[in-house]
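**Student:** okay, sequence plus prediction incoming.
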Amino acid sequence: MPEHKISPILLGGLAIVIVAGALTGYQYYKNNPDSATPTPSPTATAEATATPAATATPVAKVTDANVTWLSKPEKLASAPAIFDKGEVYETAALANAENIAYKVGTDGTQDIILMFGPALGLGGTANMTLLKTGASSYDLIKANSSMLYDDNGKYEYELPLKKGAVTENATKKYASITEPEKLTVDGVTADLSAQYFSQAMFDFREEVDGAKRTDTKIDETPYGDVYHETNGSGDTVYSALVLRRFDGLVVYYDLPRTFITDDSVLQATWKDGKKNSDTFRIDGSSGCGHARGITIIASGSLDGLAAVGTTSKGETLYGFTDNNNAIVKSYYEAMNGEYYDQAKGDNVKITVEEWQAKHGLVVYKDGLNRLVVITNTTYGVNAECGKPVVYLYPTETTPVSVKVGANVTVSEPAYNNGWNVTAHPNGTLVMGNGAEYPNLFWEGTGHGSYPEITKGFVVKTANIEATLRDHLKQLGLNAQETADFLEFWMPEMPTTPYTRVSWLNTREMDELAPLTVSPKPDTSIRVFLDYEGLEVPIALPAQKLSAVPRHGFTLVEWGGLLRR
């Protein structure tokens, strides 16, 4: 693939994370500890009493009455037929969806089935926990099903459940597969990581990107075993903690980092006594926001590192003593020897010596003794997110307030901790001073996590405008919104022979950078373009694009990933 010159990565509508070598799911593991029979000692003249070895106290598992979980899920020949087919079915991209189901346990004499519904976005599918109540009837356990309902308990996208085949069960809940917000792992407290699509994922792959998995069991908890998952090879690898639930799904956890504030400023004092004021990130070297894992030094060795400061919590911060260190060189080369100067609004050259003098790359040891690499985003690969365009279409002239779940740095009109506008049915927005705007725009850094790009389209760049126009129509944008999108994004498209195009949907964007709108829109359409220039085409599963019908007060937002 071609090298990309990346300054701030600007995202329309939200601040998010693009992490090279993004984290995938987790393999199902079955432990088979070796057993050995000790060789008896020669008979002694005096009989000795052996001291029994200490036995670890078994971890008490969370259980549910009459429920038994299988040691290994059993794949079903076909998924339960729980959806009606019709216009809504087609609109919601259910048609031809690769619905997969497993028997994962039993509740008394009834089978518990884990079903994966249609992919409603980039990163994954809906996880549905079903209880088989008859030959072809099921209870849908809402409390243990992901991505099915909105905050008001309404079925997402109005996906049609087949009458007589499935009953929504809002009272039953399996405690044993309801993971906690906090979990003790190897003596330290870990927090449930932010998820971009569904809270739990399912992946039994033996290999990832051609490399054998290296997951290592590190602890047992009441909710299942916890593994240390690493991806990649080389001097640094991507690391995460995964809890394998009893139903086979996995959930990500990580240790809290209270010395990095919500605005990403590292709370630390350097050896020269100066307080740090720069922003840092812990999840890689590009993008914005955060993901489910961290970058660590694979060797776990402090060789080549020296103390350069202390965090507000007392942890030692280390810097690299050699600017020719392979890790230093890889990060410096990734930023093309320059950083984005916010004041100048442009890239500025910086030598590796200058970059390291400004603490461009710092390391600390966390509670699990991992050497975590954190990068300076003030002087490095930055991740400013911007060019969101938000349209409001009420059914009648209405005062509307809008807030963005992000640190807004640039906006039009002025954000002032939120916008308060008078919105007209034709989309015109009027400020208190009488100024009129066609939409709202902002730039900033949010706190959501970015999905792994697993689907999309690979097209000839010569056809990119026609492709984007067609996709935007499928995603529900009207002619004016599409024209505005193309006016901004076409000049940013790659010049390589091919372009990879992927789209985030409304639910994913709501997870990444939520909008708080009052009154609440009846319909929200948020789309986000992730793209990449390619010298040669790659194989990539195609996304199924769909739109929700507009009705009532409608909000529309478009954006994309801007590489420079």
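**Tutor:** Good, I have the coordinates.

**Student:** what strand or helix carries the closest residue to Thr506 other than its chain neighbours?
**Tutor:** Using CB to CB, 6 or more residues apart in numbering and skipping residues adjacent in sequence, the residue nearest Thr506 is Arg526, 4.4 Å away. The way it works is simple: take the backbone N, C-alpha and C, and place the C-beta from them, glycine included. Under the criterion of DSSP states H and E, Arg526 resides in strand 523-534.

**Student:** and that strand, which strands flank it?
**Tutor:** Sheet pairing here is set by DSSP bridges, and for strand 523-534 it gives strand 498-504 (antiparallel), strand 554-562 (parallel).

**Student:** what average pLDDT does that strand get?
**Tutor:** In this model, strand 523-534 has an average pLDDT of 88.

**Student:** what's the answer for stretch 333-349, then?
**Tutor:** Here the average pLDDT along stretch 333-349 is 75.

**Student:** what's the answer for stretch 179-189, then?
**Tutor:** In this model, stretch 179-189 has a mean pLDDT of 92.

**Student:** buried ones in that stretch, by neighbour count?
**Tutor:** 179-180, 183, 185 (16 or more other CB atoms under 10 Å).

**Student:** what about that stretch, start to end distance?
**Tutor:** 14 Å (CA to CA, to the nearest Å).

**Student:** sorry, back to before: I figured the residue nearest to Thr506 hits Asp510, correct?
**Tutor:** Yes: with contacts counted by CB atoms under 8 Å, Arg526 reaches Asp510, the gap being 7.0 Å.

**Student:** if we can go back for a sec, and the buried residues of stretch 179-189, which is closest to Val459?
**Tutor:** Among the buried residues of stretch 179-189, Glu179 lies closest to Val459 (CB to CB), at 39.5 Å.

**Student:** so where is the stretch 451-564 of the chain shaky, pLDDT-wise?
**Tutor:** 451-452, 511-512, 562-564 (pLDDT under 70).

**Student:** list the beta-bridge partners for Leu515.
**Tutor:** Val404.

**Student:** and the strands in the stretch 251-400 of the chain, which stretches?
**Tutor:** Taking DSSP state E, counting those that start in this stretch as the criterion, the stretch 251-400 of the chain carries its strands at 268-270, 280-281, 294-297, 305-311, 316-320, 338-341, 346-349, 361-365, 371-376, 389-393, 398-404.

**Student:** relative to Lys72, which of those strands is closest?
**Tutor:** It is, among these and with distance given as CB to CB, strand 294-297, at 30.0 Å.

**Student:** any idea how far the closest one is from the chain center?
**Tutor:** 17 Å (CA atoms, centre = their mean, to the nearest Å).

**Student:** next: stretch 266-273.
**Tutor:** 31 Å.

**Student:** same thing with stretch 177-193?
**Tutor:** On CA atoms, centre = their mean, the centre of stretch 177-193 falls 18 Å from that of its chain.

**Student:** over to Pro413: give its phi and psi.
**Tutor:** phi -70, psi 180 (degrees, to the nearest 10).

**Student:** next one: Lys142
**Tutor:** Note on Lys142: its backbone torsions stand at phi -60, psi -40 [degrees, to the nearest 10].

**Student:** hmm, it is touching Tyr174, no?
**Tutor:** No: judged on CB under 8 Å, Lys142 makes no contact with Tyr174 at a distance of 11.5 Å.

**Student:** more neighbours: those two, which one.
**Tutor:** Per other CB atoms under 10 Å, whichever of Lys142 and Tyr174 has more neighbours is Tyr174, with 22 against 18.

**Student:** contacting residues for the more buried one?
**Tutor:** Tyr174 makes contacts with 64, 67, 112, 129, 141, 143-144, 247, as judged by CB atoms under 8 Å, 6 or more residues apart in numbering.

**Student:** so which of the strands of the stretch 251-400 of the chain gets nearest Leu515?
**Tutor:** With CB to CB as the criterion, Leu515 lies closest to strand 398-404 of those, at 6.1 Å.

**Student:** reformat the strands paired with strand 523-534 as TSV; add distance to Pro514 and mean neighbour count.
**Tutor:** Output for these, formatted as TSV (distance: least, CB to CB, whole Å; neighbours: other CB atoms under 10 Å):
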stretch	distance to Pro514	mean neighbour count
strand 498-504	14	22
strand 554-562	12	24
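
**Student:** Arg526 and Asp510: who's more crowded?
**Tutor:** Each of Arg526 and Asp510 has its neighbours counted (other CB under 10 Å); Arg526 has more, 25 against 17.
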